[in-house]
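> predicted coordinates and the sequence they were generated for:
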Amino acid sequence: MSGHSKWSTIKRKKGAADAKRGVLFTRISKDITIAARDGGGDPNMNPALRLAVKTAKTANMPVANIERAIKKGTGDLPGMTYEDFVYEGYGPGGVAIMLNILTDNKNRTYPDIKHIMTKNHGNLGESGCVNWMFEKKGTITVPKEGVNEDELLELSLELGADDFSGDDEDVFEITVTPDNFGDVSSGLENADYSIDGEVGLVPINTVKVSGNEAKQLLSLMEILEEHEDVQKVYSNFDIDESELENL
């Protein structure tokens with residue numbers, strides 16, 4: 001397990017996603033707004049919005065905040081105009097890093113991110129320098145507790161999943177094409193599975209890091225995650241589980 005899956009696992013175990021509630025709420029609100037903007041304001045017809053709202057409720061975000069974020073996305077409520085950007089660069093050990101940025105002020109965000117990267121043993125690169133190392137995939141996770149693996153595997157494949165993994169100790173991971181994300185996620189929910197997921201970037205190949213470089217890399221990833229204009233962080237690193245425990 002590596003790259004985006006590895007980082008997701010690390011965040012879950014450390015609770016890093018909840019480290020700063022204000023930043024978390026801001027990020028979730030943006031996710032809801034963009035999902036509503038791109039796919040409409042009805043969660044029943046918009047899988048990305050449905051999962052974003054589910055994430056918000058899990059984080060105990062007030063219902064009023066959720067509704068306001070949806071209305072911003074559909075244009076029913078005036079608010080800040082966010083722009084999407086992708087920043088690319090390298091971290092410690094030469095690993096590739098992709099950042100999905102959502103900001104109302106690019107002139108503020110770019111220098112911030114460049115400073116963070118440089119200060120923490122990384123650097124921003126030109127557009128296209130690392131995106132060829134990733135492919136767009138949908139990733140759906142299902143908690144393992146109380147779930148029959150064979151039944152979940154069979155249903156996932158019937159719904160159109162591309163791959164299925166039980167390597168993580170806490171969740172099953174299902175990989176789908178972006179086009180099939182809605183059908184597979186809806187089918188699993190209809191079968192009463194508790195799911196989480198997103199369409200994002202998955203590394204094609206990985207780079208193994210260890211020792212001080214691994215420590216520096218995880219520190220950089222956490223700092224980037226905590227920036228309010230960074231929506232998603234993707235990387236192609238791989239760290240041995242034994243070493244991860246020591247870190």
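Thanks, I have the structure now.
> I'd like the next helix or strand past the longest strand anywhere in the chain.
Using DSSP state E, we find that the single longest strand of the chain is strand 134-143. Using DSSP states H and E, the next helix or strand after strand 134-143 towards the C-terminus is helix 149-159.
> tell me how far G182 lies from L152.
Going from G182 to L152 by C-beta to C-beta, to the nearest Å gives 18 Å. Using the backbone N, CA and C atoms, a C-beta is placed for each residue, glycine as well.
> actually, K114.
43 Å.
> now swap in H227 and tell me
According to C-beta to C-beta, H227 stands 35 Å off from L152.
> give me the buried positions along stretch 91-110.
Residues 91-93, 95-103, 109-110 are the ones in stretch 91-110 that count as buried (16 or more other C-beta atoms under 10 Å).
> list just the nearest of these to K215.
Comparing the buried residues of stretch 91-110 against K215 with C-beta to C-beta places P92 closest, at 8.4 Å.
> unless I'm mixing things up, T55 is touching I28, no?
Yes - between T55 and I28 there is a contact under C-beta atoms under 8 Å: 5.8 Å.
> between the two, who's got more neighbours?
Neighbour tally, T55 and I28, criterion other C-beta atoms under 10 Å: the higher count belongs to I28, 23 against 19.
> ok now the host helix or strand of that one, how far from the chain's centre?
I28 belongs to helix 21-39 when assigned by DSSP H and E. On the basis of C-alpha atoms, centre = their mean, to the nearest Å, helix 21-39 sits 12 Å off its chain's mean C-alpha point.
> ok, S127 - contacts?
For S127, the contact set (C-beta atoms under 8 Å, 6 or more residues apart in numbering) comprises V86, E88.
> low-scoring stretches of this structure, by residue?
Residues of the chain meeting the criterion pLDDT under 70: 1-22, 79-80, 247.
> where do the helices sit along it?
3-14, 21-39, 47-58, 63-74, 106-119, 149-159, 181-190, 211-226, 241-246 (DSSP state H).
> mind checking which of these is nearest G138?
Smallest distance to G138 across the helices of the chain (C-beta to C-beta): 3.5 Å, for helix 181-190.
> CA atoms of the closest one as CSV?
Written as CSV, here are the backbone C-alpha positions of helix 181-190 (Å, rounded to 0.1, in the frame of the first residue of the first chain):
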residue,chain,number,x,y,z
PHE,A,181,-17.7,6.2,-9.1
GLY,A,182,-21.4,7.2,-8.8
ASP,A,183,-22.8,3.8,-9.7
VAL,A,184,-20.5,1.9,-7.4
SER,A,185,-20.8,4.2,-4.4
SER,A,186,-24.6,4.4,-4.8
GLY,A,187,-24.8,0.6,-5.1
LEU,A,188,-22.8,0.0,-2.0
GLU,A,189,-24.8,2.5,0.0
ASN,A,190,-28.1,0.9,-1.2
